[in-house]
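A.B. asks: Fold the following.
(10 chains)
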There are 10 protein chains.
Amino acid sequence: MKREQVTEKILDGKRAKGLSWKTIAKEIGGNSPVLITAALLGQMRLDPAQAEKAAKLFGLTKDEAAVLTETPYRGSLPPGPPTDPLIYRFYELVQVYGTTWKALIEEEFGEGGRPADGIMSAIDYDMTIEKQPDPKGDRVKIVMTGKFLHYKRY
Amino acid sequence: MKREQVTEKILDGKRAKGLSWKTIAKEIGGNSPVLITAALLGQMRLDPAQAEKAAKLFGLTKDEAAVLTETPYRGSLPPGPPTDPLIYRFYELVQVYGTTWKALIEEEFGEGGRPADGIMSAIDYDMTIEKQPDPKGDRVKIVMTGKFLHYKRY
Amino acid sequence: MKREQVTEKILDGKRAKGLSWKTIAKEIGGNSPVLITAALLGQMRLDPAQAEKAAKLFGLTKDEAAVLTETPYRGSLPPGPPTDPLIYRFYELVQVYGTTWKALIEEEFGEGGRPADGIMSAIDYDMTIEKQPDPKGDRVKIVMTGKFLHYKRY
Amino acid sequence: MKREQVTEKILDGKRAKGLSWKTIAKEIGGNSPVLITAALLGQMRLDPAQAEKAAKLFGLTKDEAAVLTETPYRGSLPPGPPTDPLIYRFYELVQVYGTTWKALIEEEFGEGGRPADGIMSAIDYDMTIEKQPDPKGDRVKIVMTGKFLHYKRY
Amino acid sequence: MKREQVTEKILDGKRAKGLSWKTIAKEIGGNSPVLITAALLGQMRLDPAQAEKAAKLFGLTKDEAAVLTETPYRGSLPPGPPTDPLIYRFYELVQVYGTTWKALIEEEFGEGGRPADGIMSAIDYDMTIEKQPDPKGDRVKIVMTGKFLHYKRY
Amino acid sequence: MKREQVTEKILDGKRAKGLSWKTIAKEIGGNSPVLITAALLGQMRLDPAQAEKAAKLFGLTKDEAAVLTETPYRGSLPPGPPTDPLIYRFYELVQVYGTTWKALIEEEFGEGGRPADGIMSAIDYDMTIEKQPDPKGDRVKIVMTGKFLHYKRY
Amino acid sequence: MKREQVTEKILDGKRAKGLSWKTIAKEIGGNSPVLITAALLGQMRLDPAQAEKAAKLFGLTKDEAAVLTETPYRGSLPPGPPTDPLIYRFYELVQVYGTTWKALIEEEFGEGGRPADGIMSAIDYDMTIEKQPDPKGDRVKIVMTGKFLHYKRY
Amino acid sequence: MKREQVTEKILDGKRAKGLSWKTIAKEIGGNSPVLITAALLGQMRLDPAQAEKAAKLFGLTKDEAAVLTETPYRGSLPPGPPTDPLIYRFYELVQVYGTTWKALIEEEFGEGGRPADGIMSAIDYDMTIEKQPDPKGDRVKIVMTGKFLHYKRY
Amino acid sequence: MKREQVTEKILDGKRAKGLSWKTIAKEIGGNSPVLITAALLGQMRLDPAQAEKAAKLFGLTKDEAAVLTETPYRGSLPPGPPTDPLIYRFYELVQVYGTTWKALIEEEFGEGGRPADGIMSAIDYDMTIEKQPDPKGDRVKIVMTGKFLHYKRY
Amino acid sequence: MKREQVTEKILDGKRAKGLSWKTIAKEIGGNSPVLITAALLGQMRLDPAQAEKAAKLFGLTKDEAAVLTETPYRGSLPPGPPTDPLIYRFYELVQVYGTTWKALIEEEFGEGGRPADGIMSAIDYDMTIEKQPDPKGDRVKIVMTGKFLHYKRY
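C.D. replies: Here you go, the predicted model:
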């Protein structure tokens, strides 16, 4: 069984039942909607109890539910820059702001006037997505925090 | 004259004078440190008044200062996934969370139970980067907001 | 269910019934033929009412019709420069005129003798395609307008 | 001598003199601003008389002016999808609308209910770019016409 | 239905009946063997009358025959330089002679000692392939003519 | 010394003296204009006597002339499909006609109703390029012959 | 029917019967084991008589046997450098020795102190593979000969 | 100092003195012409004594000679399949014979009817290149031997 | 039958029975867990006796078990840098430490103050993976040894 | 100033003085030879005190020494799989063992029979390289430890 097959079955179930991700995430519970959506889209994993709830919601077999509790081979996009405009914009931000992130994060975590050498973890990481009402047009607000990891000197 | 040459001269000046991006941004003023750093790294542009201050700071010629006021050909990275670990982690987030962003942003901006069709603008966009103290290890906190743009139906 | 499967079923139905895109667009109504064709080819979405008409026209199931109302993962072409000559010519225009578009659009939207920094939106965007009779050979006429978006300065 | 060197010299001259493309195009004359800008950016060529005027404007040598009258090796962008957002949006349009253009142009030029087999020429081609004032935000308006070329049947 | 499926069925039929392309082309008639072979391999299209004959020859359904009359999404090769040696040699010619073709064709179509700016059309194009007996080893002779298209100056 | 430097010097000389490839080829003599142009563009080599003439024509040093008599590392184009439209059209022909060439050349050189297994040589190969006057628009006529090489069975 | 399907069936048959390539090649006969193995792996073709024997050996249908007598679309590897270590080592030899082969083969076939301009044919080519016993560890010995083809001067 | 600069200087010296690789290899001595040529082309290294002789032959400085004794970063070709026809043919052999080499080498080194699992070393490897006179056209003969390395089972 | 199908069946069996790799490796025995896991994931091969045990464990057919004893076409990842974060980190190490490994391994195996020219074998190679408890967070400890192979001088 | 220029100067100095990495690392001190070599090759950074020592050793200017204390844009290899055989072998290990590392590391760090979801850090990471004498041929021994990072569940 391939993870993509389970993902496709989940999307079919979501469509047939007319569910929203928000409802699904509430139903499954235990983590933020971001993490649960990512898991159902094949990029994170669910706890066994969550998977059981997902199985009920989408009519998954026991084996399919088990697949949801496994760490997936991550990577949700076809090779090359993403062609979907919504996703591409984030890729564009990496292109435009990549070197700026490097400069400012290293400086921010430095000491004694010397920038740090390290990275923002993408593993010890969390994120929220919300709508920020704005009279000039509502805005997407994304807040992410990731632990700063210092390069080990050995 | 190529933009990269001006960028390199700025980095040489910054190193020679032992300046931080924070100091530089304060000196130049008028915009957030993020935007000013991005401009000095060749991805945004400065206003003429800002460019004049940058010229003084880094000993740029009049023509070099003028280059800083021009819109650059954006894209700060060599082709292919970025090899630098700090920058790569952001690319990894696009790989892991790309489809999740698409699912949740569309849903968040929907109406009447129907997701919206649109994107988060990377143009009408802003960002802050800060250190979030944490007893388990300080965290990088990035807050970004981008205007939600609805696909025009015509 | 995958969007491509629905697209293929639509193309099969179109062929079997001998329908033209013009007829189909008129039948479905509510938007320009360009947008409706793009939706049926898997790059835009239909409103529920439009999808219902499409379902009738092509004998789609309720679930297949629902798929047409979802925002697709956009990108209609295999990776790499398009190999089909008709589509390649547009890619060629990007290659030949890309930097010219950048120069002239920024200048056109500038103020006080200073070019603007921004882009033409591909989201708040529309387009028409028509035949322009010409004694030396009829011409394809494409008119596109996209909102100019100024880079936010923050 | 390489074409890029001449292009760079022209951009340096334009900056030093504070000229706009519009002014330059008027000065050089004989063709639309689009074509003249494209030529100065290394993608089209100038007539000898135009090149002479360009030489005066930018202080080019006789050999540099001669280069401007030669057909360039066209292609203004580095390999891979363009990283500059303004130019990328046009690439995105090819991704999103490529198959739609193919479907509608072939149908538009068909006869007797049968779509034509052919392409829109990118050689016998012209284009205008203008600002279209709009209370909801000014728009970029691009009008392009290209001769329809029927695939020869032999 | 996908074009490749029809192509595969045609190749299966050709093999089963032991037909040559020459025989097939004569049977279908109306165009050169080159064009008809290309159409059956999914790169050109047939007229309805030709498609009917092809249907008889290969036992195609009405829908499959209809597919043959549609303009295909052209491009007969996997991405990257072709790995098949016979086809690769033509790719090699483009690599070795590309710039020579550009130099000589532009010069050949020039006037008043000035090379033309244009291309050889690949649309208004024909080709023959034949065996040229030669005591030192028979040769493949390919004759191609394509209309010269002048870049429009506007 | 790199071959590209010699090529650039030759192009500079050609421009300065206002020479055509036809004149140059006549001056150098001994081979067809195609081969001589290809050699001067860095894809073929000249005989020592030809190189001497080229040296006189373009004011090359003895070492530069010697470079012209060496077999170059062939390949005149940057990686990826060629971006120049004139050259791209030939690449497009490989894409569209590649499998047709394979089918017809193998059949043409077969015996006893069985196609041959072999290729058209790109080494034992010649080519002419000429203008074919045509009231509907002059045509580029390219005639190429390459020895058919049978795959050795061992 | 696709060539790969026949290859897979052959590999299944070989496994089920526990046959070695050596035995298979002897059984089929008429050519070297190298050529026959390559044919069964989909890179060369068999004569009709050989294909008949292969059909018996592997229980192929008449059509599958016919596929084996057709010239395949050659290229046995996925795109990109081969990932399998045994095959990669040969790719590595091309990387390391490519320019050396060019230098020495051209010199070896030269006359009058002048290197030849030509290639080693990969079509008029043969090869043997054998084990060369060696007290320090047995060695793979590969002997290949290919006809030297002079570039035609025309 | 970069290895390529030394290589270029050596090629310049070879050209100026009219030396052949054979003569150079004899002069430098101690290893086969293949290995010495590869070293001078930047893919192998020379012993200090050999480097000294090379330095005399080509007028290299002491530092340049030292570079020749260092292990180079190997890889003599630009990325992508090699465009030079002579070198490409070897790449083509990898494409056509890659899976055959794998099948036959594993079988040749097997025991008890079971193929071995291992590779031909490209490190403990040697090669000769010679001309094999042949009335039907002289042939390039390449003999290579590489130690068979068994995959360690642990 | 394709190796991937057997791998998928094994993973399905492992999931259904709730087995760990450690248990499986102990059950199959004869080699380290690393090698056995790699074999079951399609990158190494099992001995016939091991394959028989695997067949029992996962309910494989005789033919499927036989596939496990064959040397696979190695390469466990899709093309391009791996998108899965755990695997990517190893790729990152190659990017960051590649040239350091080259410098230090060559030096470590040198003699008389001169670095060796050779590589670490990836064939005569073994590896262990274990958890190294650490109060600041447990660590993954990987120990690998590979035979040093000297480049043969011939 | 570019980091590569400083790296090149260091390599030139190392060659001219005949220094080994071991000696250099001892001279600079404070960290392992691996980290110091990596820093001098442009992939890690030195502390100011270390940089000062390096400056003395290699005759660097104050600015060049300052560059060594900056975090580099990491990535020591040209794009694509590494062509140098020593470095490629590590890339090959990623290809062959990637999925095995994922399976075993996740299992090793699991609890209660459930594999963990996390990665081995490449930042909180150390490594040693040494020679392991072996009568059958000395071996390279690499020991690496990296902190296991659990995916944060939020």
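A.B. asks: can you give me the mean pLDDT across stretch A:18-26?
C.D. replies: Stretch A:18-26 shows a mean pLDDT of 97.
A.B. asks: Quickly check: it near chain B or not.
C.D. replies: Yes: Stretch A:18-26 lies within reach of chain B by C-beta under 8 Å from any C-beta of the partner chain, at A:18, A:20-22. Just so you know, the C-beta spots here come from the backbone N, C-alpha and C atoms, and that holds for glycine as well.
A.B. asks: can you pull the buried residues of that stretch?
C.D. replies: Neighbour counts using 16 or more other C-beta atoms under 10 Å in any protein chain shown place A:20-21, A:24-25 of stretch A:18-26 among the buried residues.
A.B. asks: buried residues in stretch A:122-139?
C.D. replies: Quick answer for stretch A:122-139 (16+ other C-beta under 10 Å): A:122-127, A:129, A:138-139.
A.B. asks: what sits up against it?
C.D. replies: Outside stretch A:122-139, the residues that touch it by C-beta atoms under 8 Å, 6 or more residues apart in numbering or on different chains are A:32, A:34, A:140-147, A:149, B:89-90, B:92-93, B:96-97, B:101, B:104-105, B:108-109, B:120, B:124, B:137, B:145-149, I:85, J:118-119, J:149-152, J:154.
A.B. asks: sorry, back to before: out of the buried residues of stretch A:18-26, which are inside helices?
C.D. replies: In helices, judged by DSSP state H, the following of those are found: A:21, A:24-25.
A.B. asks: anything in the longest helix that chain A contains near chain I?
C.D. replies: Ranked by residue count and defined by DSSP H, the top helix of chain A is helix A:85-108. No: judged by C-beta under 8 Å from any C-beta, helix A:85-108 stays clear of chain I, getting no closer than 13.3 Å.
A.B. asks: what is the rounded mean pLDDT of that helix?
C.D. replies: In this model, helix A:85-108 carries a mean pLDDT of 98.
A.B. asks: Give me the distance from that helix to the chain's centre.
C.D. replies: 17 Å (C-alpha atoms, centre = their mean, to the nearest Å).
A.B. asks: Look at the most centrally placed residue in chain A and report its pLDDT.
C.D. replies: Central residue of chain A (C-alpha atoms, centre = their mean): A:Ala38, 5.0 Å from the mean position. pLDDT recorded at A:Ala38 is 98.
A.B. asks: Next up, the contacts around it.
C.D. replies: Applying C-beta under 8 Å, 6+ apart to A:Ala38 gives the contacts A:44, B:96-97, B:100.
A.B. asks: Is it located within a helix, as I assumed?
C.D. replies: Yes: counting by DSSP: H, G, I helix; E, B strand; the rest coil, A:Ala38 is part of a helix.
A.B. asks: From chain C, how far off is it?
C.D. replies: As judged by C-beta to the nearest C-beta, to the nearest Å, A:Ala38 and chain C stand 16 Å apart.
A.B. asks: farthest pair in the buried residues of stretch A:18-26?
C.D. replies: Across these, the longest distance by C-beta to C-beta is 8.8 Å; it joins A:Ser20 and A:Ala25.
A.B. asks: Select from the contacts of A:Ala38 the one having the most neighbours.
C.D. replies: B:Tyr97 (29 neighbours; other C-beta atoms under 10 Å in any protein chain shown).
A.B. asks: Test my guess that that one contacts A:Gln43.
C.D. replies: Yes: B:Tyr97 lies in contact with A:Gln43 (C-beta atoms under 8 Å); the separation is 7.0 Å.
A.B. asks: what do these two both touch?
C.D. replies: With C-beta under 8 Å, 6+ apart, B:Tyr97 and A:Gln43 have common neighbours A:Ser76.
A.B. asks: Show the pLDDT at the residue of chain A most remote from its centre.
C.D. replies: Distance from the C-alpha centroid of chain A peaks at A:Gly112, with 35.0 Å (C-alpha atoms, centre = their mean). pLDDT for A:Gly112: 90.
A.B. asks: circling back to that earlier point, against which helices or strands is the longest helix of chain A packed?
C.D. replies: Applying 3 or more C-beta pairs under 8 Å, 6 or more residues apart in numbering or on different chains; DSSP states H and E, one finds that helix A:85-108 contacts strand A:118-132, helix B:21-28, helix B:33-40, helix B:85-108, strand B:118-132, strand B:139-150, helix D:85-108.
A.B. asks: before we move on, the earlier item: mind putting the ones in helices among the buried residues of stretch A:18-26 in TSV, distance to chain H included?
C.D. replies: What follows is these, written out as TSV (distance: C-beta to the nearest C-beta, whole Å):
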residue	distance to chain H
A:Trp21	42
A:Ile24	45
A:Ala25	45
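A.B. asks: ok so, going back, between the buried residues of stretch A:122-139, which is closest to chain G?
C.D. replies: Closest approach to chain G among the buried residues of stretch A:122-139 (C-beta to the nearest C-beta): A:Ala122, at 26.1 Å.
A.B. asks: returning to what we had before: out of the ones in helices among the buried residues of stretch A:18-26, which are close to chain I?
C.D. replies: Okay, of those, nothing touches chain I (C-beta under 8 Å from any C-beta).
A.B. asks: A:Leu19 and chain I, how far apart?
C.D. replies: As judged by C-beta to the nearest C-beta, A:Leu19 and chain I stand 26 Å apart.
A.B. asks: Same question for A:Tyr97.
C.D. replies: If you go by C-beta to the nearest C-beta, the gap between A:Tyr97 and chain I works out to 20 Å.
A.B. asks: if I look at the nearest residue to that residue once chain neighbours are set aside, how far off is B:Leu60?
C.D. replies: Among residues not flanking A:Tyr97 along the chain, B:Ala38 sits closest, at 6.3 Å (C-beta to C-beta, 6 or more residues apart in numbering or on different chains). Look at B:Ala38 and B:Leu60: by C-beta to C-beta, to the nearest Å, they are 17 Å apart.
A.B. asks: Then A:Pro33?
C.D. replies: Applying C-beta to C-beta to A:Pro33 and B:Leu60 gives a distance of 48 Å.
A.B. asks: so how many other residues sit close to A:Gly110?
C.D. replies: Neighbour count for A:Gly110, taken as other C-beta under 10 Å: 15.
A.B. asks: Lovely, talk soon.
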